[in-house]
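>>> structure here, sequence nowhere to be found:
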């Protein structure tokens, strides 16, 4: 009886170690994938703000001064593919669909350079 | 007499064995309960590092104010336009804006404890002289 009661904890301890190491590896992989997807979304947003949708003129581009007409569905789709994202939303309004990540960026728009908020969501 | 002694000895050995078994069972139960608690714990999922995004958002806020001419002939954030823009940025982002230079200004209520989430340092021209200031976003 004593031998069984001593053996069982050892077996449980072995199972615990295996589960803990497997779980740690799984968690690390999942966290890395989530961080990579988030970083890709942040890069896509930064590109849009600084170049992709920025006003160009006279050989200059104006980061954070956006041409809202440049953010067409074709532009968004092209950016989604280049960024390696499975879904991407860019717009002034909050998206109706759910996305793994949503971030906001600020920009100025129009003659009066009104302060606007851009929602960039995806994953 | 000898048989009585042997009987008592055997009884004490049996009682000792029972005690050891009881202790082993108690240890096993305690260990099992701790192990189950550890196994049930999903562990820390790990948060997303958004430090770069926070800096970019601070840069956005600065850049938008710059594009609107808020820092042209800058003489402090006392003028209404800068204050209005700081408040507009706060409304859009849900964050407080802090301008810290020779004078300090914030779009959020003073006297409350705020946490700076991102801070950038910029130079503006004020009275033909460069003036360094910290531009920050916080909660």
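Received the coordinates, thanks. These numbers were taken from a predicted model, which means no experiment stands behind them.

>>> show me the helices in the chain, by range?
The chain I'm using is chain A. Ranges of helices in chain A, per DSSP state H, are A:2-47, A:73-83.

>>> not quite, I wanted chain B
When secondary structure is read from DSSP H, chain B shows helices at B:2-40, B:51-67, B:80-93.

>>> quick one: those helices as TSV, columns for mean neighbour count too.
For glycine as for every other residue, the C-beta is placed from the backbone atoms N, C-alpha and C. Shown next, in TSV, are the helices of chain B (neighbours: other Cβ atoms under 10 Å in any protein chain shown):
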stretch	mean neighbour count
helix B:2-40	11
helix B:51-67	21
helix B:80-93	17
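
>>> now these in CSV, with mean pLDDT and distance to residue A:71?
Below are the helices of chain B laid out as CSV (pLDDT from 0 to 100; distance: least, Cβ to Cβ, whole Å):
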stretch, mean pLDDT, distance to residue A:71
helix B:2-40, 72, 47
helix B:51-67, 96, 16
helix B:80-93, 91, 17
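
>>> export those to TSV and tack on distance to chain A?
Listed next are these as TSV, based on distance: least, Cβ to the nearest Cβ, whole Å:
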stretch	distance to chain A
helix B:2-40	4
helix B:51-67	4
helix B:80-93	4
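
>>> can I get these in a markdown table including distance to residue B:74?
Formatted as a markdown table, the helices of chain B follow (distance: least, Cβ to Cβ, whole Å):
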| stretch | distance to residue B:74 |
| --- | --- |
| helix B:2-40 | 58 |
| helix B:51-67 | 10 |
| helix B:80-93 | 8 |
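
>>> picking up where we left off before, and the helices of chain A: which comes nearest chain B?
Nearest of the helices of chain A to chain B, taken as Cβ to the nearest Cβ: helix A:2-47 at 3.9 Å.

>>> so the closest one, near chain B or not?
Yes. Helix A:2-47 lies within reach of chain B by Cβ under 8 Å from any Cβ of the partner chain, at A:2, A:5-6, A:8-9, A:12-13, A:16, A:19-20, A:23-24, A:27-28, A:30-31, A:34-35, A:38-39, A:42, A:45-46.

>>> ChimeraX command to pick out the buried ones of these?
In ChimeraX syntax, the buried subset of the residues of helix A:2-47 next to chain B is picked out as below (16 or more other Cβ atoms under 10 Å in any protein chain shown):
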select /A:5,9,12,16,31,34,38,39,42,45,46
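
>>> does residue A:86 really touch residue A:121, like I thought?
No. Shown here, residue A:86 and residue A:121 do not form a contact pair, counting by Cβ atoms under 8 Å, at 11.8 Å.

>>> neighbour count: the two, which is higher?
residue A:121 (22 against 10; other Cβ atoms under 10 Å in any protein chain shown).

>>> and the more buried one, what are its bridge partners?
On the basis of DSSP bridges, residue A:121 is bridged to residue A:89, residue A:102.

>>> contact partners for it?
Residue A:121 sits next to A:41, A:87-89, A:95, A:99, A:101-103 when contact means Cβ atoms under 8 Å, 6 or more residues apart in numbering or on different chains.

>>> for it, give its distance to residue A:71.
As judged by Cβ to Cβ, to the nearest Å, residue A:121 and residue A:71 stand 13 Å apart.

>>> same thing with residue A:60?
With the distance defined as Cβ to Cβ, residue A:60 ends up 20 Å from residue A:71.

>>> who has more neighbours, those two?
The residue with more neighbours, out of residue A:60 and residue A:71, is residue A:71; 18 against 8, by other Cβ under 10 Å.

>>> so what's that one up against?
With contacts defined as Cβ under 8 Å, 6+ apart, residue A:71 is in contact with A:48, A:52-53, A:90-91.

>>> what is the least confident helix or strand in chain A?
In chain A, no helix or strand scores lower on mean pLDDT, DSSP states H and E than helix A:2-47, which sits at a mean of 88.
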